[in-house]
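Next one to model:
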Amino acid sequence: MDYNKLVSVTGLSGLFELLSSKADGGVVRSLEDKSTKFVSTRIHNFSHLESIEVFTVKDNVNLVDVFTAMKSSTEKLPDEKDAAAIKKYFGKVYPDMDFSRVYASDMKKMIKWYSVLTENGVEIKLSETQDGETAAPEAATAKAKPTSSKAAAVKDAPARKINTPRKMA
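Below is the predicted model of the structure:
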């Protein structure tokens with residue numbers, strides 16, 4: 001099972017392997033109970049784990065970086081229900097995390113997801129492109145240049161003053 005095929009689905013707990021996708025949804029398999037089902041995109045949203053970033057006091061980092069720090073740490077994973085222990089754990093394992101913007105529920109989810117990934121023997125790494133470079137998260141590639149010259153012209157055009165009707169006295 002590849003890390004780049006794993007998704008989180010809004011409204012459903014746990015992690016899923018995306019088996020196939022269509023315009024109106026996708027077929028996913030749960031990593032916890034191995035059940036397979038169709039999930040509609042009309043009701044749910046998919047988030048690829050490769051595209052999830054975590055707020056830090058510096059630049060945002062990919063979730064892979066946090067999982068890698070968790071793997072290399074000698075700290076024992078805290079209980080998922082103890083919010084104070086979870087925050088203390090991440091304070092030791094990944095001290096650059098911005099704890100004012102990363103909520104306790106997010107940290108709890110990272111602990112749960114890491115446990116599920118290790119139980120399933122998933123190698124936690126970003127996929128590589130054909131050039132041998134690691135794939136950039138979707139959020140980082142959102143700054144792409146416009147593809148059409150018309151879009152570029154509109155973007156670079158100076159702002160125009162809009163004439164508003166005047167009130168008659």
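
Residue 126 reaches residue 48, doesn't it?
No. Between residue 126 and residue 48 there is no contact under C-beta atoms under 8 Å: 10.7 Å. Yep, even glycine has a C-beta here, placed from its N, CA and C like the rest.

For these two, list the residues in contact with both.
Common contact partners of residue 126 and residue 48 (C-beta atoms under 8 Å, 6 or more residues apart in numbering): residue 4.

Can you read off the pLDDT for the nearest residue to residue 4 once chain neighbours are set aside?
Nearest residue to residue 4 in three dimensions, chain neighbours excluded: residue 127, at 3.9 Å (C-beta to C-beta, 6 or more residues apart in numbering). What the model reports as pLDDT for residue 127 is 80.

again with residue 137
44.

Repeat that for residue 151.
Listed pLDDT for residue 151 reads 39.

And for residue 131?
pLDDT, read off for residue 131, is 48.

Could you do the one 10 residues further on as well?
pLDDT, the model's per-residue confidence, is 35 for residue 141.

Looking only at the helix ranked longest in the chain, what residues are buried by neighbour count?
Identified as the longest helix of the chain according to DSSP state H is helix 104-119. Within helix 104-119, the residues scored as buried using 16 or more other C-beta atoms under 10 Å are 106, 107, 108, 109, 110, 111, 112, 113, 114, 116, 117.

Now do the last one against residue 110, distance only.
Going back to what we said before, that points to residue 117. To residue 110, residue 117 is 10 Å away according to C-beta to C-beta, to the nearest Å.

ok, the buried residues of helix 104-119 vs residue 36, which is closest?
Residue 36 has its nearest neighbour among these in residue 116, at 16.4 Å by C-beta to C-beta.

ok so, going back, convert the longest helix of the chain to PDB, retaining C-alpha atoms only.
Taking C-alpha atoms only, helix 104-119 is exported to PDB below (Å, rounded to 0.1, in the frame of the first residue of the first chain):
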ATOM      1  CA  ALA A 104      -5.800  19.400  20.100                       C
ATOM      2  CA  SER A 105      -8.200  17.500  17.800                       C
ATOM      3  CA  ASP A 106      -5.600  17.800  15.000                       C
ATOM      4  CA  MET A 107      -2.800  16.400  17.200                       C
ATOM      5  CA  LYS A 108      -5.100  13.600  18.300                       C
ATOM      6  CA  LYS A 109      -5.900  12.800  14.700                       C
ATOM      7  CA  MET A 110      -2.100  12.700  13.900                       C
ATOM      8  CA  ILE A 111      -1.500  10.200  16.700                       C
ATOM      9  CA  LYS A 112      -4.400   8.000  15.500                       C
ATOM     10  CA  TRP A 113      -3.300   8.200  11.900                       C
ATOM     11  CA  TYR A 114       0.300   7.400  12.700                       C
ATOM     12  CA  SER A 115      -0.800   4.300  14.700                       C
ATOM     13  CA  VAL A 116      -3.000   3.100  11.800                       C
ATOM     14  CA  LEU A 117      -0.200   3.700   9.300                       C
ATOM     15  CA  THR A 118       2.400   1.700  11.400                       C
ATOM     16  CA  GLU A 119      -0.100  -1.100  12.000                       C
END
